[in-house]
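[1] Structure for this input, please:
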Amino acid sequence: MEKIFEWNRILTNDLPAQFLLEVIFRTAIMFIFLLVALRFAGKRGVKQLSIFEIVIIIALGSAAGDPMFYEDVGLLPAICVFVVVICLYRTVTWLTAKSKWFETMLEGKTELLIDKGVFSMLKFQKEDIAQDEFFSELRLMSIEHLGQIKYAFLEPSGNISVFFFTDEDVRPGLPLIPALFDQKSNLISREGLFACSNCGNIESLQPGHAACRVCKKEEWVEAIKTLRIP
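    Numbers count the residues shown, from 1 in each chain. As a prediction, this is how the structure comes out:
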């Protein structure tokens, strides 16, 4: 039965001290092959990586890690893994460039999330995006309400692209400021323009209860029409 806190086992796993030199050699070799593999993979930045490319990076990292310090994992099998992964990556990249269908299947496509100040509900629900997280992304762009947005797209990379109305065309919209949005209610207290808290649809409402004509929800927030300050 092994004892706990056996320092030889903890520090070197009972391997000879000379194995540290082999670890240094293995690490240098795999580091060089990882650099070469990433060089052949392409020049896209981390923010532009697709899901497939992230999988490639993880696979290469795993293939590089084990041979660095496991004495029972040879370098040649790991290098073989590198070659196969890079060949598969280049093949998939070629197919992506040749076939629009294959590119869409692998990386997804750009989706319209906001159309003239109102959520495209089918697309929004399909992408399974949390409303709070989405609003946070918009606030980081100094957006106060949806009426400032002409179009907002979810890109395949996961980034959000926003096109704004000109100041002359800004319309009343659902406020994104938490202090205002949290005043949502299913009881309209006075006549005015209100935004559906679920989809952003704007309606002129009378006091009382009302269902949104677009999504049928009954929670409303008083719409605002401030201009965007970049």
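
[2] For the spatially most central residue of the chain, which three-state class applies?
    What sits nearest the mean C-alpha location of the chain, by C-alpha atoms, centre = their mean, is Gly158, with 3.9 Å. Secondary structure for Gly158, judged by DSSP: H, G, I helix; E, B strand; the rest coil, is coil.

[3] Could you check how far it is from Glu111?
    In this view, Gly158 and Glu111 are 11 Å apart by C-beta to C-beta, to the nearest Å. Bear in mind the C-beta positions are built from the backbone N, C-alpha and C, glycine included.

[4] cool, and Ser120?
    Using C-beta to C-beta, one obtains 8 Å as the distance from Ser120 to Glu111.

[5] likewise Leu176?
    For Leu176 relative to Glu111 (C-beta to C-beta), the value is 20 Å.

[6] ditto for Glu168
    Using C-beta to C-beta, Glu168 is found at 28 Å from Glu111.

[7] quick one, which of those two is more surrounded?
    Neighbour count, other C-beta atoms under 10 Å: between Glu168 and Glu111, Glu111 has more, with 17 against 6.

[8] What values do phi and psi take at the more buried one?
    phi -120, psi 140 (degrees, to the nearest 10).

[9] average model confidence for stretch 98-108?
    Regarding stretch 98-108, the rounded mean pLDDT is 76.

[10] CA atoms only for it, dumped as CSV, please.
    Extracted C-alpha coordinates of stretch 98-108, given in CSV (Å, rounded to 0.1, in the frame of the first residue of the first chain):
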residue,chain,number,x,y,z
LYS,A,98,-15.8,25.0,-52.3
SER,A,99,-19.3,24.3,-50.8
LYS,A,100,-21.6,27.0,-49.3
TRP,A,101,-23.8,24.2,-47.9
PHE,A,102,-20.8,22.6,-46.1
GLU,A,103,-19.6,26.0,-44.8
THR,A,104,-23.1,26.7,-43.3
MET,A,105,-23.3,23.2,-41.8
LEU,A,106,-19.9,23.6,-40.2
GLU,A,107,-19.8,27.2,-39.1
GLY,A,108,-23.4,28.3,-39.1
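
[11] chain center to that stretch, what's the gap?
    18 Å (C-alpha atoms, centre = their mean, to the nearest Å).

[12] One more: stretch 134-154?
    The answer for stretch 134-154 is 16 Å, by C-alpha atoms, centre = their mean.

[13] Pull up the distance across it, start to finish.
    10 Å (C-alpha to C-alpha, to the nearest Å).

[14] who touches that stretch?
    For stretch 134-154, the surrounding residues in contact (C-beta atoms under 8 Å, 6 or more residues apart in numbering) are 110-119, 123, 127, 129, 160-165, 169-177, 181, 195, 200, 202, 223-230.

[15] buried residues in it?
    134-135, 137-138, 143-152, 154 (16 or more other C-beta atoms under 10 Å).

[16] Of those, which is the nearest to Val36?
    Leu154 (34.5 Å; C-beta to C-beta).

[17] What does that closest one show for phi and psi?
    Torsion angles, degrees, to the nearest 10, at Leu154: phi -100, psi 110.
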